[in-house]
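Q: structure of the sequence below:
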Amino acid sequence: MKQAKLYRLIVEREPGWWIVRIPELDLTTQARRLQDVERNSREAIAALLDVDIASFDVEEHLQPPPSVVRELDEARALMDRAAVLREESADRIGIAVEKLIKEFGLTMREAGKLLGLSHQRVAQLVERARRASHV
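A: Sure thing, here's the model as predicted:
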């Protein structure tokens, strides 16, 4: 059985409209609502090629506006930096906890109470600090 031709729909938002480019056919159409993109695109392709609307497949590729892509890229970079800072802060807290235990003779429960952490979290941080010091 022959597989139906697949057309890529490059879908971008402009004020008030979804603009749909179909590169394989050098064709552009539009829709007011995202839910209408496929139907409108199928109608445009079928009219251009003079074929049945169900004789081919389409695949939507949504493209956010460039200004949104920039914002998302900046947000991802900030999240990456935040992840690094979270790791560094956990390392520092682990060092502080280890000092409280080794140098000041506190128990994990006492260190946790002093720092506002559960004794389970203190145990995790101590283990983390020990692993880091053996690297």
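Q: can you mark which positions in the longest helix seen in the chain are buried?
A: In the chain, taking DSSP state H as the definition, the longest helix is helix 66-102. For helix 66-102, a neighbour-count test (16 or more other C-beta atoms under 10 Å) marks 90, 93, 94, 97, 98, 100, 101 as buried. Yep, even glycine has a C-beta here, placed from its N, CA and C like the rest.
Q: not counting its own residues, what contacts the helix or strand that comes right after it?
A: The helix or strand immediately downstream of helix 66-102 is helix 108-115, counting by DSSP states H and E. With contacts defined as C-beta atoms under 8 Å, 6 or more residues apart in numbering, helix 108-115 is touched by 93, 96-97, 100-101, 106, 117-119, 121-123, 126.
Q: just the residues you listed now: which is nearest residue 51?
A: residue 121 (64.2 Å; C-beta to C-beta).
Q: export whatever helix or strand residue 19 lives in as PDB, just CAs?
A: Per DSSP H and E, residue 19 falls inside strand 17-22. Extracted C-alpha coordinates of strand 17-22, given in PDB (Å, rounded to 0.1, in the frame of the first residue of the first chain):
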ATOM      1  CA  TRP A  17      -3.700  35.200  12.700                       C
ATOM      2  CA  TRP A  18      -1.900  31.900  12.500                       C
ATOM      3  CA  ILE A  19       0.200  32.000   9.400                       C
ATOM      4  CA  VAL A  20       0.900  28.600   7.800                       C
ATOM      5  CA  ARG A  21       3.700  28.000   5.400                       C
ATOM      6  CA  ILE A  22       3.900  24.700   3.400                       C
END
